[in-house]
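Next one to model:
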Amino acid sequence: MKAFFKAVAIIFVLVVVAFCAFLLEVPDSKHGSDRAIKEWEVTWTDRFDPNMSVEDLERLPGWTRVEADGPKPEVPTWAKAQWVKIGIPEFDKGKPTVLFEKIYGYNVVILSGDRVIFESERKYKYETNTILLPLDQSAEGNSIYVGIKSGSRIGLQSGVLLGDYAEMQNTYIKDNLTDFIIGCALIFIAVVMLICSLFLKNKNLSSWFSLCLIILASGIIVITYSSFLYSLYGKYGGIYVVLFDLSLLVLLPSFTTFFESIFGKGYKSIISKYKKFQLGYSLFCVLFMIVNLLSGNQFYDYYKIATVTVLGIIMIVQFILLITVSTIYTIRGNQEAIIFSVGFAIFALLGIVELSWFFFKSAYYDLYLWKWGVVCFVISLIIILGKRFARNHEQVVEYSKQLEMFNNELQRSEKMEIISELAASVAHEVRNPLQVTRGFLQLLVAKQNSADKVYLSMALEELDRASSIITDFLTFAKPEVGKVTELNVLNEFIHIEGILVPMANLQGGKISVHIPQDLYIKGNSSKFKQAFINIIKNSIESLHGEGEIQIWAYEKDGEVSIHIKDTGEGMDEEVLSRLGEPYFSNKTKGTGLGLMVTFRIIEIMNGKINFTSKKGVGTEAVIRFPALKHA
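Numbering: from 1, shown residues only. Have a look, this model is predicted:
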């Protein structure tokens, strides 16, 4: 449920970004309405002559009045150029400046009187112009003439604003600055990510690098699509066009590569195969571009078919393929697929709306909302990659914990192995002389006076303690469980309780046992009792006076769980982590072998033991054995 709300929050952020972007980008219908030129006249010619005089222009037939907000005139099939006549009203303040927001044309010339005040001739294939043009006083109250030559799209297609130069310059920059900000931000992010990729491992490099290329290509496309760059530094326009095409050719296969690295190769490796096809087609288009540039754009019509028509079809197929795969993962509840689908949906929705309007306007429309769709989509891709890195980090942390646990277990096993070998080789040899010594001491006890008997008795007790330690060694060295039978847990604890209750009472403690009658396990009764006597005995010794030891058991998920909980002094984390180590004990005279033997007995009976403790509160031991169904 928590993961679901995270996905919903991310989706909400993307939707808000898209909505705000829409509000920022939608043109204001009142923009400059008090200083806009409302109408002008146009005519068409079959050739473009920038050297025509005003008299020649006035004699041209077919001048038609056009309103700024009205329908645009249709282009005659024979027309090669358009001339526009714009009346400039009187201007009462500042330096008069006219702003042409959008003119479609490769060649543009502007005349005031018989003087050319602006001329642009583009050798590259980019036809959108935004022109900020200061006028002198002689233009006021007269007309200026705009000559335009182009290919598929031609003419003055947007507003003409008139105002003071400072105001028009501010409007000019503000209207075109958004593209630069978005594009430069994307490029900056991509460069930073590329630098960071130097420190990544190979496992994450594919998805990271492909996302860098997506962001970098998107940033370059946003900047090189804007007419602002061509207006400021038009002499490098050919480079911008090449960069735009190259970025688009890099973007599409990079996008598929990123998708493959996140979601896999797809059914029968269809994503991987399509990626290879895209890489091959992009390489073909790059080679075609080089040939076309070297030939002076002689093959441009064919190149346009390859990079616009065919590439558009490839792009549509790619989007359908990826969104289909993403939808399948979304239905399966994959959060990354949900985020991808939402980001892509925002991008696709804005793209469909703009493309529909583009065709409705007969291609006399420049797309601008699509870049906000790109931003939302890139944000969704960054979120997906960020989630992937976060999950990888969590896995690394988990693996580190497991590695530490395995390392500790390995060290414990090595210690146990050393002790086993030592016990097996030494215990029997040491026990024999101890038994002989004990026998002679018993004879001496019978013959000595009472004063010497005290010391001899102490010697016998120490020999018995040494023998007990050796017995523990042998138990650990030879972990055979012995005769295995069906054990009733309650019956076993009745015997254990009878042995340890007196000891607990002497300490001022109390033992309570709550075990059902129908719990059965498989094991050796003697070993079972030995293990639990060791555990409960440790609990009794930890009480240091009044206290309680609770013992209860139950069956769950095919296991019999036995809990032993005391209210003793408890242990800190350091002591708790070393339980079961040989020669480690927090008791003054303890050897640590008793609990070590307990661990080994439980282990050979296919059981598991776990301790939890808190200093000053108490300790709880949980022992689990495979449950046995009683016949």
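
Let's test this: mean pLDDT of stretch 267-277, rounded?
In this model, stretch 267-277 has a mean pLDDT of 87.

Now tell me what touches that stretch from outside.
If you take C-beta atoms under 8 Å, 6 or more residues apart in numbering as the criterion, stretch 267-277 is touched by 253, 256-257, 259-260, 263-266, 317-318, 321-322, 325. Every residue, glycine included, has its C-beta placed from N, CA and C.

ranking those by neighbours, who comes first?
The residue in the contacts of stretch 267-277 with the most neighbours, by other C-beta atoms under 10 Å, is residue 259 (25 neighbours).

Grab the nearest non-local neighbour of it.
Once flanking residues are discounted, residue 259 sits nearest to residue 322: 5.4 Å by C-beta to C-beta, 6 or more residues apart in numbering.

Next: residue 38.
Once flanking residues are discounted, residue 38 sits nearest to residue 68: 5.3 Å by C-beta to C-beta, 6+ apart.

Show me what counts as buried in the helix or strand hosting residue 192.
Using DSSP states H and E, residue 192 falls within helix 165-196. Using 16 or more other C-beta atoms under 10 Å as the test for burial, helix 165-196 gives 165, 167-168, 171-172, 175-176, 178-180, 182-183, 186-187, 189-190, 193.

Name the next helix or strand downstream of the lowest-mean-pLDDT helix or strand in the chain, please.
When the helices and strands of the chain are scored by mean pLDDT, DSSP states H and E, helix 2-25 comes last with a mean of 47. Counting by DSSP H and E, the element after helix 2-25 in chain order, helix or strand, is strand 36-37.

what pLDDT does the residue nearest to residue 259 get?
pLDDT recorded at residue 322 is 78.

Touching the host helix or strand of it from outside, list them.
Assessed by DSSP H and E, residue 322 sits inside helix 311-331. Identification of contacts with helix 311-331 by C-beta under 8 Å, 6+ apart yields 248-249, 252, 255-256, 259, 263, 266, 270-271, 274, 278, 281, 285, 336-338, 340-341, 344, 348.

Kindly tell me how buried the residue lying closest to residue 281 once chain neighbours are set aside is, as a neighbour count.
Sequence neighbours aside, residue 314 is the residue nearest to residue 281 in space, at 6.5 Å (criterion: C-beta to C-beta, 6+ apart). By other C-beta under 10 Å, 16 other residues sit near residue 314.

And for residue 500?
Residues near residue 500, counting by other C-beta under 10 Å, number 20.

Mind listing what's buried along the one helix or strand it maps to?
In this assignment (DSSP H and E), residue 500 forms part of helix 489-507. Neighbour-count burial for helix 489-507 flags 489, 490, 492, 493, 496, 497, 500, 501, 504, 507 (criterion: 16+ other C-beta under 10 Å).

I'd like the contacts of stretch 267-277 laid out as a markdown table, including distance to residue 399.
Putting these into a markdown table (distance: C-beta to C-beta, whole Å) gives the following:
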| residue | distance to residue 399 |
| --- | --- |
| 253 | 33 |
| 256 | 31 |
| 257 | 27 |
| 259 | 27 |
| 260 | 25 |
| 263 | 23 |
| 264 | 22 |
| 265 | 25 |
| 266 | 28 |
| 317 | 40 |
| 318 | 36 |
| 321 | 35 |
| 322 | 32 |
| 325 | 29 |
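
Do a quick rundown of the strands in the stretch 501-631 of the chain.
509-514, 520-523, 547-556, 559-566, 608-614, 618-626 (DSSP state E, counting those that start in this stretch).

what does the second one rub up against?
Identification of contacts with strand 520-523 by C-beta under 8 Å, 6+ apart yields 481, 484-489, 560, 605, 625-630.

re earlier: buried subset of the contacts of helix 311-331?
Taking 16+ other C-beta under 10 Å as the criterion, what is buried in the contacts of helix 311-331 is 248-249, 252, 255-256, 259, 263, 266, 271, 274, 278, 281, 285, 336-338, 340-341, 344.

Now, the residues you listed that are in strands?
Using DSSP state E, no member of these falls within strands.

from these, which ones fall inside helices?
Of those, the ones assigned to helices by DSSP state H are 248-249, 252, 255-256, 259, 263, 271, 274, 278, 281, 285, 336-338, 340-341, 344.
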